[in-house]
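> After the sequence you'll find the predicted model.
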Amino acid sequence: MKNFFFKFIFILTCFSSCQKNSHEISLSSLLDDTNRLAGKKEYLSSPFVTAGDRVYMVGHQDGTFPDLGWHVEGEMGGIWNHPIKLMDGFTASVGLSDNSYCLNAADEFINYPFASKHFYKNQVPGMEIERFQFVPEGMQGIVIEFNFKNVGKSKIDFDFEFTGHTDLMPAWLGDQAGMIDNVDNLVFDEVRQAWRGKDEGNEWYVLFGSNRNGENFSGSSENCQFTPKGQGNAARLSYEIDLSPNEETNIKFFIAGSYTSQFDSEKTFDMLSAHSESLLEDKIKHYNDIASLTQITIPDKEIEKAFEWVKYNTEWLVREVPEIGKGLGAGIPDYPWWFGVDNEYTLKGAIATGRKDLVYHTIELIHKLSETNGNGRIVHEVSTNGVIFNPGNINETPQFASLIWWVYQWTWDKEFLSKYYPTIKKGLQWLMEENDKDGNLFPDGYGMMEIHGLESEMIDVATYTQVAFADAAQMALEMGESDQAEIYQQTADILKEKINKEFWVEEFNSYADFIGTTTEAIHLIDAAIVRADTLNKPWAVEELRATKRKLSTYPANKKQGFVIFHNWVVNTPMEMGIADEKKAIQALDKGRKFVNPFGVFVTGIDRDEFSESEDGSFSGSKVFSYTGAVMTLPTGVQAISENNYGRPDEALEYLQMMTKSFGFALPGSIYEVSPDYGMMTQAWNLYSYGVPLVTQFFGIKPQAHRRLIHISPQMPSSWKSAKIERVRIGENEISLDWKIRDDGVTEIEIIQTEPDWEIIFKFPVDKYESIKINQEESRTDLLEPGNVIRLSGNINTISLK
């Protein structure tokens with residue numbers, strides 16, 4: 001009892017002193033020199049996200065919290081602490097001179113990498129108001145600060161009201177985890193001067209209060225109209241404030257939650273109220289660290305800026321539920337949970353941008369969740385409550401194998417490889433034994449294109465399977481299994497030949513969408529005709545009908561490759577570099593038909609002659625779908641593909657297309673569907689930027705397990721300089737400075753922190769006549785086709801003329 005008494009006195013004392021200190025310090029004062037981007041006025045009524053790894057908040061840029069999302073209809077906005085939601089949001093209002101003003105129409109929205117701000121310049125006469133918010137890392141809460149400035153000539157007295165709307169409810173599929181939503185009950189915590197919400201049937205809590213003493217009232221605001229969905233409740237906090245002319249003041253609000261205990265929520269609330277300034281400083285430092293790794297300086301400043309912010313966007317998507325794990329979600333607001341395939345793309349970009357910690361956490365989580373399959377199959381989609389929605393599409397298992405090999409080449413972590421190699425072996429066995437019905441080495445089933453009925457032998461599944469076996473051969477050698485390596489490599493070699501022969505359709509200069517029977521193809525053509533006709537794409541209808549007439553003369557069970565949809569996945573043989581060069585160039589040229597100014601269509605038949613001028617907002621259907629969509633992943637895949645076949649100028653064009661979506665709707669972010677539809681931020685954008693920029697333009701391809709780094713810069717012809725700094729490879733860090741001098745000499749400086757690592761530098765021998773290394777005499781003996789330069793040491797300078 002004595003210990004409890006002292007703890008109680010400490011909380012009261014600390015809370016009282018913290019109220020005073022936090023009132024005096026404006027968090028906004030810490031932001032003067034930080035990176036920020038302003039939003040567009042025409043997109044104030046569209047979503048934003050302010051995120052941490054435990055909690056995030058989704059609302060509109062005008063400061064409101066409308067019902068958002070479709071996964072749990074209307075409930076994907078608000079404040080989330082997965083696996084539960086805490087609040088639908090809040091309202092704020094000012095009472096001045098017998099008038100009330102609801103702060104529901106911000107004049108401007110500012111996005112920071114780590115926070116966000118709303119400006120209310122014209123809503124309240126004689127006042128300017130800012131609302132700033134950030135989510136501390138590792139904490140189940142959010143800090144919101146309102147700053148008030150009297151811009152009039154007289155003293156003003158006003159009332160400020162904050163109304164919180166709780167909605168303690170489970171995430172998607174919660175009912176399958178035994179999480180049942182009930183009514184929220186609210187009581188006032190006198191010690192913290194905060195309202196506490198509790199779900200009537202669960203230990204789910206939310207606390208919201210401020211650093212000032214005021215009055216409290218139950219029920220919704222009379223000044224702001226807000227009636228969200230769900231079984232939540234509302235309560236108000238009210239404060240009297242006076243300001244002299246030009247005087248400023250602020251109020252900080254703290255929202256804390258827990259899905260386990262009241263004590264947990266109180267502990268978080270007390271931490272937020274006591275340490276908001278230092279928590280913000282820690283957050284800023286964390287994001288500065290992210291920016292400093294794999295930092296690029298290139299002539300195309302829009303791509304440079306987009307790449308920087310895509311690294312930030314990725315951090316917004318980190319979801320940690322300690323009882324389950326920590327890993328990257330796919331997109332916000334409707335895909336905040338974990339996906340196998342999204343991460344199999346994204347993490348390739350993440351390891352190339354120095355995020356080993358994030359990569360390891362995410363792979364560990366996906367692997368643990370996949371172990372419930374028991375056969376090496378990798379899961380597709382899992383909610384934050386641990387419920388598996390889809391145990392895995394066919395492509396996810398081979399892509400996981402290639403991800404592990406990719407990461408190993410960057411980290412040289414044998415323990416990491418040893419941990420996941422057994423799963424890869426099981427997965428490849430499951431892939432071929434359970435899914436290759438006719439034994440032709442092409443697994444059957446859904447890949448990236450989840451079009452109903454399109455589940456025979458898919459081009460992306462075949463391609464990723466081929467690469468998985470080639471990568472598994474390398475892993476087997478590392479694990480000392482030379483016989484197994486030979487078997488894997490034989491399979492990879494056979495698959496490469498078969499893909500280039502059996503999937504290639506000469507008539508279309510394209511790889512096939514799928515291999516199937518004539519009957520299967522005609523059925524899919526009929527569905528495609530309906531789609532194309534509905535979308536008013538007459539060229540596609542004509543092409544499809546011509547194909548159907550041709551197929552009607554084929555035997556019903558004849559099996560071959562078919563081009564029907566012109567899906568983006570027909571480019572995966574070029575993405576993985578396994579297409580024969582002649583076929584690759586033909587296919588890449590064909591692929592340029594299926595673009596608009598923002599990038600590549602998911603399904604090519606959705607394109608028409610007007611697409612090249614469609615550079616405005618995307619008009620999606622009322623029911624969420626990807627019909628007619630241009631997306632960043634297909635566009636990034638096309639850029640990677642162009643680079644693989646020595647066409648960096650074409651690759652740059654695709655990156656420029658993709659970058660047109662950067663900040664189009666949400667400042668600092670790129671939507672899932674270009675330019676402004678679907679998820680407001682999307683994880684696999686990091687793949688679409690990181691791989692072509694880091695591993696292709698700068699040409700950094702590590703083999704850390706050999707203490708070796710291959711470097712073969714392949715810059716667009718319009719660039720005369722480019723720099724990349726602090727690329728982490730194992731225990732090494734490498735930087736590269738590339739430029740074309742006024743005298744036409746190309747100069748490359750390579751710096752590494754581990755001087756005993758070997759660098760193999762390769763360059764296009766047909767472009768240069770002589771070479772100097774570290775200011776030595778010119779050499780011509782290194783200019784034979786296929787020759788390379790072997791370097792070591794901390795600093796090397798190469799001059800090519």
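Ah, there it is.
> and Ser617, how many residues sit next to it?
Ser617: 14 surrounding residues under other Cβ atoms under 10 Å. In short, each C-beta sits where N, CA and C put it, glycine included.
> Now do the same for the spatially closest residue to it that is not a sequence neighbour: its pLDDT.
Spatially, and ignoring its direct neighbours in sequence, Ser617 is nearest to Asp676 (5.4 Å; Cβ to Cβ, 6 or more residues apart in numbering). According to the prediction, Asp676 has pLDDT 96.
> With Asn3 instead?
Asn3 is given a pLDDT of 45.
> and what of the one 4 residues further on?
For Lys7, the model assigns a pLDDT of 40.
> and if you look at Phe10?
For Phe10, pLDDT reads 40.
> How is the protein partitioned into domains?
Domain assignment for the chain by automatic domain parsing gives 24-289, 698-800.
> Tell me which of the ones you listed sits most buried.
Mean neighbour counts were compared across the domains of the chain using mean count of other Cβ atoms under 10 Å; the top stretch is domain 24-289, at a mean of 20.
> Next, the contact list for Pro398, please.
427-428, 431, 461, 464-465, 467-469 (Cβ atoms under 8 Å, 6 or more residues apart in numbering).
> Tell me how far it lies from Asn571.
Look at Pro398 and Asn571: by Cβ to Cβ, to the nearest Å, they are 17 Å apart.
> Likewise for Glu304?
On the measure of Cβ to Cβ, Glu304 and Asn571 end up 26 Å apart.
> try Glu75
Distance from Glu75 to Asn571, by Cβ to Cβ: 37 Å.
> just Glu364 next, same as before
Taking Cβ to Cβ, one finds Glu364 at 31 Å from Asn571.
> Compare those two (neighbour count), which wins?
Between Glu364 and Asn571, counted using other Cβ under 10 Å, the more crowded position is Asn571 (28 against 16).
> Contacts only, for that one.
Contacts of Asn571 by Cβ under 8 Å, 6+ apart are 511, 587-588, 591, 600, 634, 637-638, 641.
> Backbone torsions only: list them for it.
phi -90, psi 0 (degrees, to the nearest 10).
> Am I right that Ala587 is in contact with Val570?
Yes - Ala587 is within contact range of Val570, at 7.0 Å (criterion: Cβ atoms under 8 Å).
> ok, those two, which is more surrounded?
Val570 (28 against 23).
> burial measure for the closest residue to the more buried one other than its chain neighbours, as a count.
Excluding the flanking residues, the one nearest Val570 by Cβ to Cβ, 6+ apart is Tyr511, at 4.5 Å. Residue crowding around Tyr511 was assessed by other Cβ under 10 Å; the count is 28.
> Can you give me the distance of Tyr511 to Met458?
Relative to Met458, and taking Cβ to Cβ, Tyr511 is found at 11 Å.
> Same check on Lys356?
Taking Cβ to Cβ, one finds Lys356 at 32 Å from Met458.
> More neighbours: the two, which one.
Comparing Lys356 with Met458 by neighbour count (other Cβ under 10 Å), the higher total belongs to Met458, at 31 against 18.
> so who does that one touch?
Contacts for Met458 (Cβ under 8 Å, 6+ apart) come out as 394-395, 445-447, 449, 513-514, 569.
> rerun at 7 Å
Contacts for Met458 (Cβ atoms under 7 Å, 6 or more residues apart in numbering) come out as 447, 514, 569.
> quick one: which of those residues is most hemmed in?
Going by other Cβ under 10 Å, Phe514 tops the contacts of Met458 with 31 neighbours.
> That one contacts Val461, doesn't it?
No - in this structure, Phe514 is not within contact of Val461 by Cβ atoms under 7 Å, at 9.0 Å.
> Can you name the residues that contact Asn246?
Asn150.
> that older thread, looking at the domains of the chain, which is closest to Asn440?
domain 698-800 (32.2 Å; Cβ to Cβ).
> What separates the first and last residues of the closest one, distance-wise?
End-to-end distance of domain 698-800: 16 Å, with Cα to Cα, to the nearest Å as the criterion.
> mean confidence for it?
Mean predicted lDDT for domain 698-800 stands at 89.
> again with stretch 375-385
pLDDT averaged over stretch 375-385 gives 98.
> just for this structure, where's the confidence low?
1-24, 453, 621-622, 765-766, 777-786 (pLDDT under 70).
> can you pull the contacts of Thr632?
Contacts of Thr632 by Cβ under 7 Å, 6+ apart are 599, 658, 670, 674, 682, 685, 688.
> would you list those in JSON lines and tack on secondary structure?
Below are the contacts of Thr632 laid out as JSON lines (DSSP: H, G, I helix; E, B strand; the rest coil):
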{"residue": "Gly599", "secondary structure": "strand"}
{"residue": "Met658", "secondary structure": "helix"}
{"residue": "Ile670", "secondary structure": "coil"}
{"residue": "Ser674", "secondary structure": "coil"}
{"residue": "Gln682", "secondary structure": "strand"}
{"residue": "Asn685", "secondary structure": "helix"}
{"residue": "Ser688", "secondary structure": "helix"}
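> Am I right that the residue nearest to Val570 is in contact with Glu575?
No - in this structure, Tyr511 is not within contact of Glu575 by Cβ under 7 Å, at 11.1 Å.
> Report all helices and strands that whichever helix in the chain runs longest contacts.
For the chain, the longest helix by residue count, based on DSSP state H, is helix 262-292. For helix 262-292, the elements it packs on are helix 2-24, strand 141-150, strand 205-210, strand 248-258, helix 301-316, judged by 3 or more Cβ pairs under 7 Å, 6 or more residues apart in numbering; DSSP states H and E.
> Name the next helix or strand downstream of it, please.
strand 295-297 (DSSP states H and E).
> Next, the buried residues of that following strand.
295-296 (16 or more other Cβ atoms under 10 Å).
> in the stretch 651-800 of the chain, which spans are helices?
Under the criterion DSSP state H, counting those that start in this stretch, helices of the stretch 651-800 of the chain are mapped to 685-690.
> quick one, strands of it?
Assigned by DSSP state E, counting those that start in this stretch, the strands in the stretch 651-800 of the chain fall at 681-682, 700-703, 708-711, 721-729, 732-740, 746-752, 758-762, 771-773, 788-791, 795-800.
> What sits closest to Phe469 if chain neighbours are left out?
Phe469's closest residue in space is Ala492 (Cβ to Cβ, 6+ apart), at 3.9 Å.
> that's a strand at that neighbour, yeah?
No - applying three-state DSSP, one finds Ala492 to be helix, outside a strand.
> what's near enough to touch it?
466, 469-470, 473.
> and Asn500, helix, strand or coil?
With three-state DSSP as the criterion, Asn500 reads helix.
> Would you confirm that it contacts Asp580?
Yes - when contacts are counted by Cβ under 7 Å, Asn500 is listed as touching Asp580 (5.0 Å).
> Looking at this structure, which strand is longest?
strand 156-170 (DSSP state E).
> Just the residues contacting the helix or strand following that one, thanks.
Next helix or strand after strand 156-170 toward the C-terminus (DSSP H and E): strand 184-189. Contact partners of strand 184-189, identified using Cβ under 7 Å, 6+ apart, comprise 166, 168, 195-200, 207, 216, 218, 231-233, 235.
> next one: the following helix or strand past strand 184-189 to chain centre, how far?
Remark: after strand 184-189, the chain's next helix or strand is strand 194-199, criterion DSSP H and E. Distance of strand 194-199 from its chain centroid, counting by Cα atoms, centre = their mean, to the nearest Å, is 33 Å.
> Please enumerate residues in contact with strand 194-199?
Against strand 194-199 from outside (Cβ under 7 Å, 6+ apart): 164, 166, 168, 182, 184-189, 204-209, 216, 233, 235, 269.
> do stretch 350-368 as well
293-294, 311, 314, 318, 325-328, 338, 340, 343, 347, 378-379, 407, 410-411, 420, 423, 686, 690-691, 694-695, 726, 728.
> Who does the one helix or strand Trp337 maps to pair with, and is each partner parallel or antiparallel?
According to DSSP H and E, Trp337 maps onto strand 335-339. Partner strands for strand 335-339, per DSSP bridges, with pairing direction: strand 325-332 (antiparallel), strand 381-382 (antiparallel).
> Any buried residues in stretch 567-576, and which?
So for stretch 567-576, counting by 16+ other Cβ under 10 Å, buried means 567-576.
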